[in-house]
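Enquirer: Below are the sequence and a predicted model for it; my questions follow.
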Amino acid sequence: MVGLFKKICLFTLLVICSDYLFGICMNKIYSHTEKGDHGRNNYICNDANQDVLIFGSSRAIHHYDPSILENNLGMSCYNCGEDGMGIVLSYGRYKLFQRKHQPKLIIYDIEVAYDLLKNDNTKYLGFLRPFYDDPEIKSIFEEVNPNEKYKMISHLYRYNSRWLDIIAQYRSKSNIYARDYKFAPLNRTMDYEPETYKFASDEDCDDLKLKIWDKFLNDCERNNTKIVFVISPVYGEKSNHVLKPFANLIQKHDVTLLDHFSDELFINNKELFADKMHLNTEGAKRLSEKVSLEIKSLIK
C-alpha cells in the first residue's frame, strides 16, 4: 500500500509539473503568434493601438472595411469582429486593449443572438482563456461561470482543443499578419429566397449580458471613448423590432444608434448580400461608406 501511495503521489506530481511546463511553453508561443485567428486575438489584446475599433460578430468582420472608415474619418481603424461572438468576448478584449491605449471611438455592430439573448455564455470565453491571469479577465470568468476557476487551474485546459492550431499558426509561412487582417469580405451573391427573420422578446434577454453591457458602456464613458451602435441590414426585413430588447439600454446610456436593419438601400437587393444576414463585398463597401459618413457628421 505504501508503495502504491508513493506511485500515485509521483504520478500526480508529474502531471502537475507537465501541466505547468506546458502552460509556460504555450504562453510563450501564444504571445509570439502573429498569424491566423489566434495571432489576431493576440494582436487585439496586446498590441493594437488604433483610434477606432469595430466590435461585433461576423456581421462586423464581414461588413466594415477599415480602409474606408480611415479615409472618411481621418483616424486609424481596426476591425475586431469575430464570427459567432458577442459582448462577452468584446468586453474582455476591450479591457485588455485599454490597458495600453484608449480608443477614441468604438463602432459596435449589434447582433441580438450573441449580444443580448440567453444562451451558453461559456462558449464566448475561448479567446480569453490565454489571458485568464489578468484580474479583469478573471472577473469576467467568475461572472459567466464560477466553476471555470477550478478548470483554469489546468494550463492544458486553457488551450484545450486549440493548442495544435496555435502552434500551426505560430509556425505559419503565410505573409498575412494579424495586424494587417482587418476585413473579411464575402465574395459571393445570394441566389435564393431566405426564411423570415425571427424576432426576440424582452423575456429572452440575458441579465448577465445586460450587466456586462452596463460595465462596458460605463468604461467607455469614463475613458472618454465615444461608442456608436450600428445594426446592419438584413435582407427582406422591413421592421426594426429586432432593436426592441435594446431600447432600455440605449436610452439608459444615451448611446447613438445607426439603424440600417431595414435600410431600403440594401434590403431588397440580393446583389448586395452573400446570405440573408451578411452583406457581400459590394454591400459591405456601401455600408462602410454610409456609416463612416454618418459618424463623421456626428463627430462634427
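Expert: Great, that's in hand. Bear in mind the structure is a predicted one, so any value in this text is a computation, not a measurement.

Enquirer: pLDDT (mean, whole number) over stretch 141-155?
Expert: Stretch 141-155 comes out with an average pLDDT of 92.

Enquirer: ok, Thr12 to Glu143 distance?
Expert: 31 Å (C-beta to C-beta, to the nearest Å). The C-beta positions use only the backbone N, C-alpha and C, and glycine is treated the same way.

Enquirer: go on, Phe127?
Expert: From Phe127 across to Glu143, the span is 17 Å (C-beta to C-beta).

Enquirer: Mind checking which of the two has more residues around it?
Expert: Counted by other C-beta atoms under 10 Å, Phe127 and Glu143 do not tie: Phe127 has more neighbours, with 21 against 15.

Enquirer: If you drop the residues flanking it in sequence, what lies closest to that one?
Expert: Leaving aside its sequence neighbours, Phe127 sits nearest to Asn41 (C-beta to C-beta, 6 or more residues apart in numbering; 4.7 Å).

Enquirer: and the one you found, what element?
Expert: Assigned by DSSP states H and E, Asn41 belongs to helix 36-46.

Enquirer: Ile54 now?
Expert: strand 52-56.

Enquirer: Also Thr12?
Expert: helix 2-31.

Enquirer: Same question for that helix: list its buried residues.
Expert: Phe22, Gly23, Met26, Asn27, Ile29, Tyr30 (16 or more other C-beta atoms under 10 Å).

Enquirer: for the third one, what are its contacts?
Expert: Translated: Met26. Counting by C-beta atoms under 8 Å, 6 or more residues apart in numbering, Met26 makes contact with Pro130, His155, Arg158, Tyr159, Trp163, Ile166.

Enquirer: got the contact list for the fourth one?
Expert: Going back to what we said before, that points to Tyr159. With contact set as C-beta under 8 Å, 6+ apart, Tyr159 has these partners: Phe22, Met26, Tyr30, Arg129, Pro130, Ile166.

Enquirer: Skipping adjacent residues, who's closest to the third one in space?
Expert: In space, and not counting its chain neighbours, Tyr30 is closest to Pro130: 5.1 Å by C-beta to C-beta, 6+ apart.

Enquirer: which residue ranges form the strands in the stretch 151-300 of the chain?
Expert: Applying DSSP state E, counting those that start in this stretch to the stretch 151-300 of the chain gives strands spanning 226-231, 256-259.

Enquirer: Tell me which of the ones you listed is the most buried.
Expert: Neighbour counts (mean count of other C-beta atoms under 10 Å) averaged over each of the strands of the stretch 151-300 of the chain peak at strand 226-231, with a mean of 21.

Enquirer: Name the residues that touch that one?
Expert: Contact partners of strand 226-231, identified using C-beta under 8 Å, 6+ apart, comprise 104-110, 217, 220, 240, 242-243, 246, 250, 255-261, 291, 295, 298-299.

Enquirer: could you give the angle of it to strand 52-56?
Expert: Angle of strand 226-231 versus strand 52-56, following axes from the mean of the first three to the mean of the last three C-alpha atoms, to 10 degrees, is 40 degrees.
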